[in-house]
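Enquirer: Fold the stuff below for me.
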Amino acid sequence: MNQNFDLLFAHDPLICGEVVSKIDQSLIPDPGMGADQIKAVHSHPQALVQCGTFLLDSGRRVIPDYDAAKRARMIKEKGLVYFAAVASERAVRICAMKILSKEMANAPNNYTRFSDLSKAHFPPSGKNKTSIVMSVKPA
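Expert: Model (predicted):
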């Protein structure tokens with residue numbers, strides 16, 4: 001998450017809006033795989049954290065990957081048996097795959113706020129918020 005803050009410092013964008021989305025993660029295996037056959041799970045590091053309890057309890061190896069939907073597609077196209085991805089239901093639909101498990105997040109009400117960024121100034125809407133990013137020198 002610190003990468004986001006570093007990018008805000010580096011590029012100095014303006015936050016002009018936000019979208020809050022409910023995040024539901026799904027376990028997406030190779031189409032021929034059953035739950036007991038999956039040895040490793042690929043996903044974005046944040047998704048792996050969000051589903052940490054489920055994944056730790058399963059005993060499967062977790063592999064960070066910054067594009068979970070792309071990894072799900074690759075698992076299907078290359079027939080990577082014993083592998084699965086943790087991704088959204090949208091990724092499942094796009095890749096025409098099946099869901100083995102869903103709603104695996106540690107917290108059932110898992111929401112993420114996405115900021116809309118711009119270089120242009122927008123007039124106040126009356127619903128404005130203030131976001132502050134600070135940096136301090138290490139002691």
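Enquirer: Do a quick rundown of the strands in the chain.
Expert: In the chain, the strands defined using DSSP state E lie at 14-22, 26-29, 40-43, 61-64, 83-87, 101-102, 111-118.
Enquirer: Summarise which helices and strands the longest one is packed against.
Expert: With contacts defined as 3 or more Cβ pairs under 8 Å, 6 or more residues apart in numbering; DSSP states H and E, strand 14-22 has these neighbours: strand 111-118. Where you see a C-beta, it was placed from the backbone N, CA and C, and this is true even at glycine.
Enquirer: Check which helices and strands the strand it packs on is in contact with.
Expert: By 3+ Cβ pairs under 8 Å, 6+ apart, strand 111-118 packs against strand 14-22.
Enquirer: Can you give the strand pairings for the strand it packs on, parallel or anti for each?
Expert: strand 111-118 (antiparallel) (DSSP bridges).
Enquirer: what sits up against the lowest-mean-pLDDT helix or strand in the chain?
Expert: Using mean pLDDT, DSSP states H and E, helix 2-11 stands out as the lowest-scoring helix or strand of the chain, at a mean of 80. Here helix 2-11 makes contact (Cβ atoms under 8 Å, 6 or more residues apart in numbering) with 133, 135.
Enquirer: Between the strands of the chain, which one is closest to residue 134.
Expert: For the strands of the chain, distance to residue 134 was read as Cβ to Cβ. The smallest value, 15.2 Å, belongs to strand 14-22.
Enquirer: Okay, domains of the protein per the record?
Expert: With domains defined by automatic domain parsing, the chain comprises 1-23+110-139, 24-108.
Enquirer: Need the pLDDT of the spatially closest residue to residue 98 that is not a sequence neighbour.
Expert: What sits nearest to residue 98 in space, not counting adjacent residues and going by Cβ to Cβ, 6 or more residues apart in numbering, is residue 31, at 6.3 Å. At residue 31, the pLDDT value in this model is 80.
Enquirer: got a list of what residue 31 touches?
Expert: 76, 97, 98.
Enquirer: Neighbour-wise, give me the winner out of these.
Expert: With neighbours defined as other Cβ atoms under 10 Å, the most crowded of these is residue 97; it has 21 neighbours.
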